[in-house]
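Please find the sequence and the predicted model below.
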Amino acid sequence: MRITSGGNVGINTTIPESLLEIMGDSTVGDATITFNRAPTASNDGVIGQLFFQNNTDSVALISANRESAADDAYILFATQATGGGVTERLRIDSNGKVGINSTSPGDYLSIDGDMGLYRSGTQHGTYYIYKDNVATAWFKYRGNSNDVVIGNNAGDKLTINPSGDVNITGITTATQLFEGTTRVATSGKAIAMALIFG
């Protein structure tokens, strides 16, 4: 270990460029920081924590925890708002499930709250659903036309334009009800009749 004149600490390196630098090589092995906790009767609570601090105030932390000796361990990421306490923001449980603003993720990604997909200008934003690494369905926003699109691997299937008009596989429906490509009911009773009698 070396401590430089600037106060940087190097473990397995003689030229640490940050306050703490740990170097691994083919002889020594991978660079590793280990947080050990002595076993106790219950062995519950925090196993190890990594704090990011501004002077003495914690502003973020990564923590490995377990509720009790019988529980699987989990990792949490937390932040601290100005003048507030440390709040958990993200959790990875022992099954690999990730919870954002959720301490009990039920799926591989669980989000408790709104989710935003952001792009700028005329760029598009798309949410894809994959099967066997192939995009099989999507929800899309077209930035250049402000259209909302739902599609599958056969192409775009439903489009809503900024005026609220709906296009379904090439058939535009605004005040009209289309059945196939031959019969059209315009409004009111005609629509009801078409729905009942076909």
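Sure thing, it's come through. Numbers count the residues shown, from 1 in each chain.

Show me the domain layout of this structure.
Using automatic domain parsing, the domain parsing of the chain gives 1-33, 40-112, 125-197.

Between the two ends of the first one, how far is it?
Read that as domain 1-33. The straight-line separation of the ends of domain 1-33 (Cα to Cα, to the nearest Å) is 14 Å.

Kindly report the same for stretch 3-18.
Criterion Cα to Cα; first-to-last residue distance in stretch 3-18 is 11 Å.

now that stretch, how far from the chain's geometric center?
Centre-to-centre, stretch 3-18 and its host chain are 36 Å apart (Cα atoms, centre = their mean, to the nearest Å).

cool, and stretch 89-105?
Computed by Cα atoms, centre = their mean, the chain-centroid distance of stretch 89-105 equals 11 Å.

quick one: buried residues of it?
Within stretch 89-105, the residues that qualify as buried are 90-93, 97-99, 102, 105, counting by 16 or more other Cβ atoms under 10 Å. (Glycine included, C-beta is placed from N, CA and C.)

Can you say which of the domains of the chain is nearest to Y118?
Distance to Y118, taken as Cβ to Cβ, is lowest for domain 125-197 among the domains of the chain, at 6.9 Å.

Sweet, I'm off.
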